[in-house]
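> Structure for the following, please:
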Amino acid sequence: MRSVLLACMLMVGLLSYGTVNAAELKIGIVDVQTVVMESDMAKAIKDHMQKKYGDEQKKLEKQGEALKKRAEELKNPKIGEKKRVEFIREKQTLDQKFRTLMQKAEQEQVQYNQKMVSHIFAASKKVAEAKGFNLILDVGQGGVLFADTAMNLTDDVLKEINQLYKDNKIDLKK
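Okay, the predicted model is just below:
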């Protein structure tokens, strides 16, 4: 709803300042979620994250499974308090390692997401300028109730961001 309101306000502003008349107003839409999920850049980020954090996550999950088996053994009343305390410490240590790993991965993912968004904006602007669009809306944000398919620039933006990535104009390490 906010995006519809924002788009309407922007159109009124453009028309009232004489920048664009109604006959010249050309609006496009992009499904940003599709670009985020299907772009080469997104696939490279996903692969990178999996390579960097996947093995460690699997290792911690295996340790967690082993601890679950040990937890069953602790139900035996013959098990001493020392073993119970040791188990609790191991569980806490494992939980902390898992939280630390997830926080590290999440922080890195946030940085990549920020880069992705800035490149999507740049690619959208380039496509809009090349095709003569004055305004592009994100169809996935719920603000677009209807759009002619001719307005959909998702494939063009996806191609543009893939080309930027292939041309090494997008550096994931920075």
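> and Ile29, what are its bridge partners?
As for beta bridges, Ile29 partners with Leu137, Asn152 under DSSP bridges.
> Next one: it, what pLDDT does it get?
Per-residue pLDDT puts Ile29 at 87.
> What helix or strand is Ile45 located in?
Secondary structure assigned from DSSP states H and E places Ile45 in helix 40-73.
> List the buried residues in that helix.
The neighbour-count check on helix 40-73 (16 or more other CB atoms under 10 Å) flags 41-42, 45, 53, 60, 63 as buried. All C-beta spots, glycine's among them, are computed from the backbone N, C-alpha and C.
> and what of stretch 117-129?
In stretch 117-129, counting by 16+ other CB under 10 Å, buried: 119-120, 122-124, 126-128.
> closest to Tyr112 among those?
His119 (10.5 Å; CB to CB).
> what's the helix or strand for that closest one?
Per DSSP H and E: helix 81-131 holds His119.
> For the buried residues of stretch 117-129, could you give me CSV that also reports pLDDT and distance to Arg70?
Output for these, formatted as CSV (pLDDT from 0 to 100; distance: CB to CB, whole Å):
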residue, pLDDT, distance to Arg70
His119, 91, 47
Ile120, 90, 47
Ala122, 90, 52
Ala123, 92, 52
Ser124, 90, 53
Lys126, 91, 57
Val127, 91, 57
Ala128, 90, 59
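> closest to Met37 among those?
Ile120 (11.8 Å).
> Please tell me I have it right and the closest one contacts Val36.
Yes. Shown here, Ile120 and Val36 form a contact pair, counting by CB atoms under 8 Å, at 7.3 Å.
> The one residue sitting closest to the centre of the chain and Thr34, how far apart?
The geometric centre of the chain, computed from its C-alpha atoms, lies nearest to Asn113 (CA atoms, centre = their mean), at 5.0 Å. With distances taken as CB to CB, to the nearest Å, Asn113 is found 15 Å from Thr34.
> which SSE is the nearest residue in space to Glu73 that is not next to it in sequence in?
For Glu73, ignoring the flanking residues on the chain, the nearest one in space by CB to CB, 6 or more residues apart in numbering is Ile79 at 6.6 Å. Ile79 belongs to no helix or strand when assigned by DSSP H and E.
> What number of residues are in the vicinity of Ile79?
The local packing of Ile79 (other CB atoms under 10 Å) involves 13 other residues.
> For Lys26, which non-adjacent residue is closest in space?
Phe133 (4.8 Å).
> Gly28 is in contact with that neighbour, correct?
Yes. Taking CB under 8 Å as the definition, Phe133 is a contact partner of Gly28 at 4.2 Å.
> Identify the contacts common to these two.
Residues within reach of Phe133 and of Gly28 at once, by CB atoms under 8 Å, 6 or more residues apart in numbering, are 127, 153.
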